[in-house]
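**Q** Compute the structure for the input listed below.
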Amino acid sequence: MVFQPTYFSPIVQFRQFINDSDPVFEVYDNYQKQTYRTRCTIYGANGKLSLNIPIKHTDGMHQLTRDTKIENAFPWQKNHFKSLENAYRSSPYFEFYEDDLRPLYETPVTYLLDFLFKTQDLSLEMLQMVVNYGKTTAYKKSYPSTTDYRFLANAKLKNNLPDLRYTQVFQDKHGFIPNLSILDLIFNEGPNAISLLQ
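**A** Next comes the predicted model:
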């Protein structure tokens, strides 16, 4: 199956990824706005909250995702970590994973793709899972529909894949919010997240 690398992947995408025997990430496509490449959705005290990575855009030119640079002119990493702390400090497992997560937001990063793979690898590490994945060597516009899951990176597109149900921190206030970042599942379910995903 072919996937787009995303920022702490949405649960539906992450679930498909870990249950595939030979997952591959697309790294030769053109960068697109309004996708989960630069957006991580979490459950804050006021409901759904998007954490967005700022990008350095080129002047009207298409750029490959692999060449896309992050705009570090303001402290987005510090702000994102603070938002995660505020949202999940009261969750059952945030403190358990906090020391693994913090360095990601304290180390400057230049390229978007490098950061996305760090979030992917850290998600697997927190879940104590090993998934050997590949990367594309060239861009293909289409694959058989049974193997092309790149559409799951589109933040605006609805998908028909089943949602995973579990208890969320602010569920009593705002109800269950499906398909948030894999971090939401990890902070709420801890080691039990693996059995829910499989």
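
**Q** Tell me who's in contact with the closest residue to I182 other than its chain neighbours.
**A** Spatial nearest neighbour of I182, chain neighbours left out: F14 (4.5 Å); criterion: CB to CB, 6 or more residues apart in numbering. Using the backbone N, CA and C atoms, a C-beta is placed for each residue, glycine as well. For F14, the contacting residues are 123, 182, 197, by CB atoms under 8 Å, 6 or more residues apart in numbering.

**Q** in a helix, that's where Q120 is, yeah?
**A** Yes: counting by DSSP: H, G, I helix; E, B strand; the rest coil, Q120 is located in a helix.

**Q** burial count for it?
**A** Using other CB atoms under 10 Å, Q120 is surrounded by 22 other residues.

**Q** Against Y97, how distant is S21?
**A** 27 Å (CB to CB, to the nearest Å).

**Q** ok, those two, which is more surrounded?
**A** The residue with more neighbours, out of S21 and Y97, is Y97; 19 against 7, by other CB under 10 Å.

**Q** All the helices of the protein, in order from the start?
**A** 11-18, 76-88, 94-101, 112-126, 171-174, 182-189, 193-197 (DSSP state H).

**Q** out of the ones you listed, which comes closest to T136?
**A** Evaluated over these, closeness to T136 peaks at helix 112-126, with 11.9 Å, by CB to CB.

**Q** Next one: the nearest residue to M1 once chain neighbours are set aside from Y149, what distance?
**A** Distances taken as CB to CB, 6+ apart place D20 nearest to M1, at 4.5 Å, with adjacent residues excluded. Remark: distance between D20 and Y149 (CB to CB) = 8 Å.

**Q** And K141, by the same measure?
**A** 15 Å.

**Q** on that earlier part again, anything in contact with each of D20 and Y149?
**A** In contact with both D20 and Y149: M1, using CB under 8 Å, 6+ apart.

**Q** more crowded one of these two?
**A** The residue with more neighbours, out of D20 and Y149, is Y149; 23 against 16, by other CB under 10 Å.

**Q** Just the pLDDT for D22.
**A** With respect to pLDDT, D22 has a value of 89.

**Q** tell me the contacts of it?
**A** Per CB under 8 Å, 6+ apart, neighbours of D22: 1, 134.

**Q** roughly how far apart are it and V2?
**A** Taking CB to CB, one finds D22 at 10 Å from V2.

**Q** what is the closest residue to S83 other than its chain neighbours paired to in the beta sheet?
**A** Distance criterion CB to CB, 6+ apart; nearest residue to S83, sequence neighbours excluded, is L51 at 5.8 Å. Under DSSP bridges, the beta-bridge partners of L51 are C40.
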